[in-house]
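In: Sequence first, predicted coordinates after that:
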Amino acid sequence: MAAGVLYTYPENFRAYKALIAAQYSGVDLKVAPNFVFGETNKSAEFLKKFPAGKVPAYESADGKVLLTESNAIAYYVSNAALRGTDAATQARVWQWASWADSELLPASCAWVFPYLGIMPFNKQHVERARTDLLAALRLLDAHLLARTFLVTERVTLADIVVYCTLLHAFQHVLEPGTRAALPNVSRWFATLAAQPPVARVLAPPALCAAPPQYDARKFQDLNKKDSGDKKKDKKSEKKEQPKKKEKEESAAEPLDELDEKPKESKDPFDAMPKGTFNMDDFKRCYSNEDEAKSIPYFWEKFDPENYSIWYAEYKYPEELAKVFMSCNLITGMFQRLDKMRKQAFASVCLFGGDNDSSISGVWVWRGQALAFPLSPDWQIDYESYAWRKLDPALPETKQLVHDYFSWSGVDKQGRKFNQGKIFK
């Protein structure tokens, strides 16, 4: 048996992997009492055993086995059922564990931590992390469509590792609407949470109830606490100079204000020539008239010198499962691009049916360059699509515009139009 001691701080999701695995395998794994992060793991005694000073760290009861890295510890305290009873199953288990570390963990931390005040908030970075994590979860959702667990018909170490890696995301950022678009992942997560060996380690977590809201004070409070400690140390060595301190505080005030109220980016379209094409007029025509009138109106008024037409195709059709989930992808992107609506229009269509579909669309906006990189507010989901600028003079472009604006035609594989969404 792999009985031993686990060194960790409370509520460490990495440590949960080994603790849950030990519950399944029956290993007597105890958490080291009186462990203080930042003190115990920096002591000479600890560093002699674990030179990196990292936790979680494991020490066997006989002191012969010393391990760091949460996946390795969890593997060591697992039994054959968790690890896999044959080489192929073991490889698949480790495949999911590696995938969790490379695809889920970085994106989850970059999305969750700014809302907890652990990292500074950068809208572009947060949106990129959100896009990356949701793309990975859509893959996971498709995998779980006809499966209860990840690898076999029972819980394996793969399920434990992925579950623990997703804890923070389910608690803090995956609000009900997002979870509804990932029904298989949500069902699997709830199933894991209700397993008795899991529940003996941690109670089923309270799930995120609403879209996360950034609070600049959280990050500032954590940093003020750190800087306060440093100031105390400095004060004990040298007397403070009041005048200099006042200057420092006055200089810091604008920085605090900038942190609390991030400067809104200006609309890049406003700096471009307006041209002769009136986007609002076209949108009204498209909304109020049928395609027999609105499409000719578009070509009659379109200004190719100052506006451009683009074709977008979703890069990962193999991840698309249920039609309603695919439609949620489109709608979600539209909602997050709200600040782009003024001088942009799009018709994005879903072709095919469940587990055999594609997403593509035609976009129109002011200017000749790809618009999304021009503003941090617009850099949302667009990298999940392949973009191609269309020549408005070509017959092929006119046919594409007709098909997408009228919600007709087929995709490249001959799949018929299913549903469409308009961005206006």
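Out: Good, I have the coordinates.
In: Name the surrounding residues that touch stretch 413-424.
Out: Residues from elsewhere that reach stretch 413-424 (Cβ atoms under 8 Å, 6 or more residues apart in numbering): 283, 286-287, 323, 327, 330-331, 334, 337, 341, 344-353, 356-358, 363, 404, 407-410. In short, each C-beta sits where N, CA and C put it, glycine included.
In: residues touching Trp363, list them.
Out: For Trp363, the contacting residues are Ile309, Trp310, Tyr311, Ala312, Ala344, Phe345, Ala346, Phe423, by Cβ under 8 Å, 6+ apart.
In: Among those, which one sits closest to Thr178?
Out: Ranking these by separation from Thr178, with Cβ to Cβ as the measure, puts Phe423 on top at 20.1 Å.
In: Give the burial count for the closest one, as a bare number.
Out: Using other Cβ atoms under 10 Å as the criterion, Phe423 is surrounded by 20 other residues.
In: can you check Glu39 too?
Out: 10.
In: repeat for the one 10 residues further on
Out: Neighbours of Lys49 under the rule other Cβ under 10 Å: 12.
In: The one 10 residues further on too?
Out: The number of residues packed around Glu59, counting by other Cβ under 10 Å, is 18.
In: And the helices in the stretch 301-424 of the chain?
Out: Secondary structure of the stretch 301-424 of the chain (DSSP state H, counting those that start in this stretch): helices at 323-336, 395-405.
In: out of those helices, deepest packed?
Out: Stretch with highest mean neighbour count among those: helix 323-336 (a mean of 18; mean count of other Cβ atoms under 10 Å).
In: same for that one, what does it pack against?
Out: Where contact means 3 or more Cβ pairs under 8 Å, 6 or more residues apart in numbering; DSSP states H and E, helix 323-336 is packed against helix 123-143, strand 344-353, strand 356-366, strand 417-423.
In: tell me the mean pLDDT over the shortest one?
Out: So that's strand 417-423. Averaged over strand 417-423, pLDDT sits at 92.
In: would JSON lines of the helices and strands packed on helix 323-336 with distance to Asp270 be doable?
Out: Written out in JSON lines, the entries for these read as follows (distance: least, Cβ to Cβ, whole Å):
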{"stretch": "helix 123-143", "distance to Asp270": "19"}
{"stretch": "strand 344-353", "distance to Asp270": "13"}
{"stretch": "strand 356-366", "distance to Asp270": "9"}
{"stretch": "strand 417-423", "distance to Asp270": "19"}
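In: quick revisit: would you mind writing the PyMOL command to select the buried ones in the contacts of stretch 413-424?
Out: For anyone working in PyMOL, the buried entries among those, judged by 16 or more other Cβ atoms under 10 Å, can be selected with:
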select buried, resi 286+323+327+330+334+337+344+345+346+347+348+349+350+351+352+357+358+363+404
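In: Many thanks, I have nothing further to ask.
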